[in-house]
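Student: Show me the folded form of this:
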Amino acid sequence: MTSTLLLRIVSAIALLQFVGHGTMFVRARPTHGPDEGAVVDAMRSHAFTFALAPRTYWDMYFGYGLEAAFICLVEAVLFWLLAGAAPGNGGLVRSIAALFVIANVAHILLLVRYFAFPVPIVFDGLIAAGLVAAALVA
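Tutor: Coordinates of the predicted model:
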């Protein structure tokens with residue numbers, strides 16, 4: 001298997017992660033009872049000034065969720081572009097793959113510690129493994 005093919009596969013996985021995270025995040029609604037609804041309502045109603053503009057905790061939470069989805073899209077595009085540059089650029093593939101292996105493993109650790117969602121952990125693990133494989137064959 002070539003590093004180009006491996007990077008295309010990793011790109012597709014990251015794109016699926018973007019679609020899944022973005023869709024789930026935008027469509028999610030409180031479903032775990034009135035306490036969860038009260039927390040969401042409180043996050044939406046408590047405004048404060050942040051960086052010269054009024055924001056709510058919900059704005060921060062929702063914005064971070066969208067940013068996390070967008071990062072998956074950026075990874076997907078980057079890995080696709082890197083796949084095109086892979087032939088003859090093994091050093092470039094190895095250095096970028098190493099950086100994103102570290103980033104995805106760090107993200108896994110944050111997910112385990114703070115979120116405990118198994119699906120994104122699996123996706124980050126697959127991306128990291130695919131990048132390791134791409135780096136080894138580059």
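Student: where do the helices sit along this structure?
Tutor: Taking DSSP state H to define them, one finds helices in the chain at 3-27, 34-45, 57-85, 90-110, 118-137.
Student: what's the closest of the ones you listed to residue 51?
Tutor: Of all those, it is helix 57-85 that lies closest to residue 51, at 10.8 Å by C-beta to C-beta. No exception for glycine: its C-beta is placed from N, CA and C like everyone else's.
Student: May I see the buried residues of that closest one?
Tutor: 57-59, 62, 65, 68-69, 71-73, 75-76, 78-80, 82-83 (16 or more other C-beta atoms under 10 Å).
Student: elements contacting that helix?
Tutor: With contacts defined as 3 or more C-beta pairs under 8 Å, 6 or more residues apart in numbering; DSSP states H and E, the packing partners of helix 57-85 are helix 3-27, helix 34-45, helix 90-110.
Student: CSV please, covering these and showing distance to residue 118.
Tutor: Putting the helices and strands packed on helix 57-85 into CSV (distance: least, C-beta to C-beta, whole Å) gives the following:
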stretch, distance to residue 118
helix 3-27, 13
helix 34-45, 20
helix 90-110, 11
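Student: Could I get those in TSV, plus columns for mean neighbour count?
Tutor: Shown next, in TSV, are the helices and strands packed on helix 57-85 (neighbours: other C-beta atoms under 10 Å):
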stretch	mean neighbour count
helix 3-27	18
helix 34-45	12
helix 90-110	16
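Student: Reformat those as JSON lines; add mean pLDDT and distance to residue 52.
Tutor: Formatted as JSON lines, these follow (pLDDT from 0 to 100; distance: least, C-beta to C-beta, whole Å):
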{"stretch": "helix 3-27", "mean pLDDT": "95", "distance to residue 52": "26"}
{"stretch": "helix 34-45", "mean pLDDT": "92", "distance to residue 52": "21"}
{"stretch": "helix 90-110", "mean pLDDT": "97", "distance to residue 52": "29"}
